[in-house]
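Enquirer: The following comprises the amino acid sequence and a computationally predicted model.
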Amino acid sequence: MAMNKVALVTGSTSGIGLATARVLAGHGYDLVVHGLLPAEEGQRLARQMATEFGISTLFSGADLTQPQAIAGLITAAKDTLGGIDILVNNAGIQHTAPLHEFPAQKWDAIIAVNLSSAFHTMQQVLPLMQAKGWGRIINIASVHGLVASVNKAAYVAAKHGLVGLSKVAALENAACGITVNAICPGWVETPLINQQIEDIAKAQNISLEQAKVALITAKQPLPAMAQPSQIGELVHFLCSDAAAGITGASLPIDGAWTAQ
Ligand code: NAD
């Protein structure tokens, strides 16, 4: 019997990563569930998904700011599940402040999690994919990989970097059966943006619901957030044979944000 393909989705304990992991699990991929959760909780989540979808899973709580921890994550995936065929670099964090006040520690943390971690995972996973002559790498960037917004210096720099990194990896591996793409979502309904909604509500003295509408419509012609599973469905398509010719692309799901 052919072995299932194995997918590693970083940051799959929440939001877009969790939804993407569930879409891939639903299609029978074995999974490395990863994110900042206490080990017991993470293992419970991974076991639940294994039972629900009839797949093999592994939980890792590796801190992506630590290259050593990333190496451990890849080794654990190889040893336990037999390799990594699909790598989704999804984990990300946010902090908003004007550049002249941006805390240096927040800059370092955002660059580490949103950009450098993808360099480290790709560096270790590409040789496995090259050996097999097949692989899919999907980097969850953002519209902020394509355009800027105020108060997001580190996030915009990291996401532009991630888009560029994806292109380089696509070029280097185009003849090896490996595709590398970036997905660039606009607003997606996840915990990542709660702080921004709360800040608007406080500043304008309006309800959270009103603040959410204000946040979306300030940027997006389509006045609704995407659902995390909609990002997961595009990830799944990029893993399919139908998408074998899509590589080096930066694909917006942004309600026409970047069409302007
Ligand atoms: P989220 O806050 O719901 O989930 C983030 C995940 O990353 C969690 O699993 C968390 O444990 C993990 N993580 C954070 N720091 C980590 C660290 N140091 N080590 C290991 N894991 C860590 O966020 P989300 O909205 O689902 O975001 C997922 C990705 O999508 C991010 O890269 C984000 O920039 C991007 N994105 C989100 C939106 C949006 O509107 N929500 C829009 C565009 C792009």
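Expert: Cool, the structure landed. Residues are numbered from 1 along each chain as shown.
Enquirer: Pull the contacting residues for residue 115.
Expert: 157, 158, 159, 161, 162, 165 (C-beta atoms under 8 Å, 6 or more residues apart in numbering). Heads up, the C-betas are built off the backbone N, CA and C, glycines and all.
Enquirer: Quick check, pLDDT for the nearest residue to residue 3 once chain neighbours are set aside.
Expert: Spatial nearest neighbour of residue 3, chain neighbours left out: residue 82 (6.2 Å); criterion: C-beta to C-beta, 6 or more residues apart in numbering. As predicted, residue 82 sits at a pLDDT of 96.
Enquirer: Would you mind confirming that residue 82 is in contact with residue 6?
Expert: Yes: between residue 82 and residue 6 a contact is recorded at 6.5 Å, counting by C-beta atoms under 8 Å.
Enquirer: more neighbours, those two?
Expert: residue 6 (25 against 15; other C-beta atoms under 10 Å).
Enquirer: Close to the ligand: what parts of the stretch 101-250 of the chain are there?
Expert: Applying C-beta under 6 Å from any ligand atom, we find that the stretch 101-250 of the chain lies next to the ligand at 113, 114, 140, 142, 185, 187, 188, 190, 191, 192, 193.
Enquirer: Quick check: the farthest pair among these?
Expert: 113 and 187 (19.9 Å; C-beta to C-beta).
Enquirer: Can you give me every residue that contacts the nearest residue to residue 114 once chain neighbours are set aside?
Expert: In space, residue 114 comes closest to residue 158 once its chain neighbours are excluded; the distance is 3.7 Å by C-beta to C-beta, 6+ apart. Neighbour list for residue 158: 110, 111, 114, 115 [criterion: C-beta under 8 Å, 6+ apart].
Enquirer: Break down the chain into its helices, ranges please.
Expert: 15-26, 39-53, 67-81, 104-111, 117-132, 153-173, 194-204, 208-217, 228-239 (DSSP state H).
Enquirer: Does the second one reach the ligand?
Expert: Just to be clear, that refers to helix 39-53. No: residues of helix 39-53 are not located near the ligand by C-beta under 6 Å from any ligand atom, the shortest gap being 9.3 Å.
Enquirer: Packing partners of that helix?
Expert: helix 15-26, strand 30-34, strand 57-60 (3 or more C-beta pairs under 8 Å, 6 or more residues apart in numbering; DSSP states H and E).
Enquirer: quick one: buried residues of that helix?
Expert: 42, 43, 45, 46, 49, 50, 53 (16 or more other C-beta atoms under 10 Å).
Enquirer: Point out where the stretch 1-150 of the chain drops to low pLDDT.
Expert: 1-2 (pLDDT under 70).
Enquirer: My guess is residue 257 contacts residue 217. True?
Expert: No: using C-beta under 8 Å, residue 257 is not in contact with residue 217, being 10.8 Å away.
Enquirer: so what secondary structure elements neighbour the longest strand along the chain?
Expert: Identified as the longest strand of the chain according to DSSP state E is strand 178-185. Helices and strands touching strand 178-185, by 3+ C-beta pairs under 8 Å, 6+ apart, are helix 117-132, strand 135-140, helix 153-173, helix 228-239, strand 250-253.
Enquirer: which of those sits most buried?
Expert: Comparing these by mean neighbour count (mean count of other C-beta atoms under 10 Å), strand 135-140 ranks first with a mean of 26.
Enquirer: what's it packed up against?
Expert: Using 3+ C-beta pairs under 8 Å, 6+ apart, strand 135-140 sits against strand 86-89, helix 117-132, helix 153-173, strand 178-185, helix 228-239.
Enquirer: Figure out how far that strand is from the centre of its chain.
Expert: Centroid separation for strand 135-140 versus its chain: 9 Å, with C-alpha atoms, centre = their mean, to the nearest Å.
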